[in-house]
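# take a look and give me a structure for this.
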Amino acid sequence: MLAVAMVLLIACANLGTPDGGPYDETPPHVVHTTPKFGEKNAFPKRITLTFDENIKIQGAMEKVVVSPPQMNLPEIEASGKKITIALEDTLLPDMTYTIDFADAIEDNNEGNPLGDYAFTFSTGQTLDTMQVSGYVLNAQNLEPIKGMLVGLYTVSNDTTPGATATDLPDSVFRTRGFERISRTDSRGHFCIKGIKHGTYRVFALQDQDQDFRFSQKSEMLAFSHRIIRPSSRPDIRPDTVWHDSIYYDSIVYTPYTHFLPDDILLTAFKESGQDRAFLKSERKEMDRFTLFFTAPDTELPRIEGLNFDARNAFVVEANPTRDTITYWIRDSLIYYKDTLDMVLTYNMTDTLGHLVSHTDTTALVSRKSYERLMRERKNEWETYVKNYKKEYKRKLKSQRYNTDDDEQTDPSEPTDSTSVNVPDEPAESTASAAKKKKKSKRSKVDDEDIIVPPMPAKLLDYRLSKTTMSPDQNLVFTFKEPIDTAYTDFFHLEEVIDSLREQRPFLLRRKEGTVNTYILYAEWQPDAKYSLHIDSAAFVNLYGHVTKSVEKTVNIRSLDSFSTLFVVLHGADSSAVVQVMNGSDKVVREQRAPNGKADFYFLDPGTYYLRMFYDRNGDGVWTTGNYDEQLQPEETFYYPGSLNLRAKWDVSQDWTPTATPLSKQKPLKITKQKPDKEKTIKNRNAERNQK
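Numbers count the residues shown, from 1 in each chain. Here you go, the predicted model:
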């Protein structure tokens, strides 16, 4: 019996994990719905979908869309084999309703997706089945926008062929909610279903207040002047049947209904000129304060001091949009005040959306009080005195012990040569007495005997741009505080040629629009070396602090270390601006191309991408759109490939910006909104058999 038991035990040990059978690779299937799919004259308050297996809904809030839109969001629940949808809104008569689940429904065990599923019914006697689809992209950088609402408005039935968008009031997007909606996926793609035959205009919206209309300037939007007419035709779709992840078995051609148009393109933007209001003030340091506004303005605020004279009291540093403004206080008698009381007059947006002048009385309290500032300065002085005396004693001690005793002189004694008569003593006794005398005198150097000089003046610090650069770059000096004066005569630029140095001309200019940045311009020669000597006090800041003397070596790289790119545009107008982008989709260089050509020199070897926009208003920057004025944002295009540039290469690239559909232009490598992985049936049985 024991032997039999041992054999059974060994046999059991060799069986491994019991096999639970093949994996389920069949997606869930709808077996019953209440009401029936496509039912007419139905007014259900609760909809039930029953499946042949347990299911789950992934990302219901992101993916499930009820159209026409519901002001009160429906309650959607998945439990066991059922999905229930409780509609909170009153259903409209003679309307086709669709509940689009996209790919949100999966079986509960293996996660096999049902696929693109939408339930539909009608409250009238007809069921509308037309669909339209397309893409929504960010107007400035062609990024796909995920989760954006796309909706339709009906154009009047008397619209004739060739009609324009004026057949629909421009105010409709502000006054009425969408008639039918969809939501974009990770590729920016949308599909609006359950549409009647007719004529429509399409809009897109990042709806922040869930009213399905453009009601806030902070909402991103898109609109098209194109009038669309839904239609359909029979078509054939090629589907690939895969043997495994590498090889395919065959291509199956499947008939389907092709709904048109399927190429709608909307470019979304946020309007400039957001509602302007005073956001906050900040005074972290006593010598400056900053005002923050919610939107830009062309005018600076006006300040009237209540406990100080505000006339010529500040150096103003504003960002380019003038929504963040820093005031540097010139006079210490003003900035030593813990509180600055003032009357602030600025432009703000009223309830009608107009900019109006508004006045506030405000008190700016410094986070660092005068008392605290004086305490910090006292502590700084005490630390300086302590360190100075410590270093003085260390040097004095080092001097005494490193000098021969016979030649050593105590610095506290007179240094004249007057002789003093002393009684004769034995040599040994005299030397011993002298040693004791010196030791005694060394111990008498007290802290009170050391005269501490004033603290050295604080030197002005700055950040200098890289001094190894290309011939088209220049040296940039950036300071933390406003600069009052820059002395060009204190700068000396020389080109180093072998052992010789030759003076070279240069220009020193304040960077436009700044108070703390200077640029040194020169005609830099490739593969050359320069010496820049800057005398002390070349820069003086607002508070009298100066820079120290410094010498810098400037190296200009050789032409052999660069690439050159020539871009030739086809079909572009004279307002085109071409931008060279790096792998992070950041602008490296840009240049106007009025003649369809843009040349870029001194590019570092690497991989680059191209972007172009039309500068319609000629301001040199990309400009957003405006719905009330029916202005689209300035058009943007991407070259659909990458450019690999190597040292010494001259590359010429032809580009027709409209040759590739806009939705396919931006290279995936620099697209930040990557498409979600497509849900497929999990082939786990084949994977297990291969193990």
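
# show me the contacts for residue 306.
By Cβ atoms under 8 Å, 6 or more residues apart in numbering, the contact list for residue 306 reads 341-343, 361. All C-beta atoms are positioned from the backbone trio N, CA, C, and that covers glycine.

# would you list the phi and psi of it?
phi -100, psi -40 (degrees, to the nearest 10).

# next one: residue 389
Backbone dihedrals for residue 389, given as degrees, to the nearest 10, come out at phi -70, psi -40.

# ok, the host helix or strand of residue 280: who's next to it in the sheet?
Using DSSP states H and E, residue 280 sits in strand 278-282. Paired strands of strand 278-282, with direction, are strand 288-293 (antiparallel) (DSSP bridges).

# ok, residues contacting the partner strand?
So strand 288-293 is in contact with 276-283, 301, 322-329, 335, 340, 344, 346, 364, going by Cβ under 8 Å, 6+ apart.

# flag the shaky bits of the protein, pLDDT-wise.
By pLDDT under 70, the low-scoring segments of the chain are 1-24, 157-168, 240-249, 403-445, 680-691.

# now with 80, please.
Flagging of the chain using pLDDT under 80 yields the residue ranges 1-25, 156-170, 239-250, 252, 273-274, 352-353, 400-449, 678-691.

# centre-most residue in it?
By Cα atoms, centre = their mean, the chain has its centre lying nearest to residue 586, at 10.0 Å.

# right, and residue 130 touches residue 259 too?
Yes. Counting by Cβ atoms under 8 Å, residue 130 does reach residue 259; the two are 6.4 Å apart.

# give the residues shared as contacts by those two.
Applying Cβ under 8 Å, 6+ apart, one finds that residue 130 and residue 259 are jointly contacted by 230-232.

# now do the helices in the protein.
With DSSP state H, the ranges of helices along the chain come out as 2-15, 60-63, 172-175, 332-335, 370-401, 427-442, 684-690.

# circling back: as JSON lines, the shared contacts of residue 130 and residue 259 with neighbour count and distance to residue 198 would be great.
Shown next, in JSON lines, are the shared contacts of residue 130 and residue 259 (neighbours: other Cβ atoms under 10 Å; distance: Cβ to Cβ, whole Å):
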{"residue": "230", "neighbour count": "20", "distance to residue 198": "7"}
{"residue": "231", "neighbour count": "12", "distance to residue 198": "11"}
{"residue": "232", "neighbour count": "13", "distance to residue 198": "14"}
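
# distance to residue 637 added to those residues, as TSV?
Converted to TSV, those look like this (distance: Cβ to Cβ, whole Å):
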residue	distance to residue 637
230	29
231	29
232	31
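
# closest one to residue 28 out of those, please.
Set against residue 28, the nearest of the shared contacts of residue 130 and residue 259 by Cβ to Cβ is residue 232 (27.7 Å).

# in contact with the closest one, which residues?
By Cβ under 8 Å, 6+ apart, the contact list for residue 232 reads 130-131, 257-260.

# with residue 627 instead?
By Cβ under 8 Å, 6+ apart, residue 627 lies in contact with 170, 173-174, 214, 221, 223, 271.

# for the residues you listed, give me TSV that also has distance to residue 650.
Output for the contacts of residue 627, formatted as TSV (distance: Cβ to Cβ, whole Å):
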residue	distance to residue 650
170	50
173	50
174	53
214	49
221	44
223	43
271	42
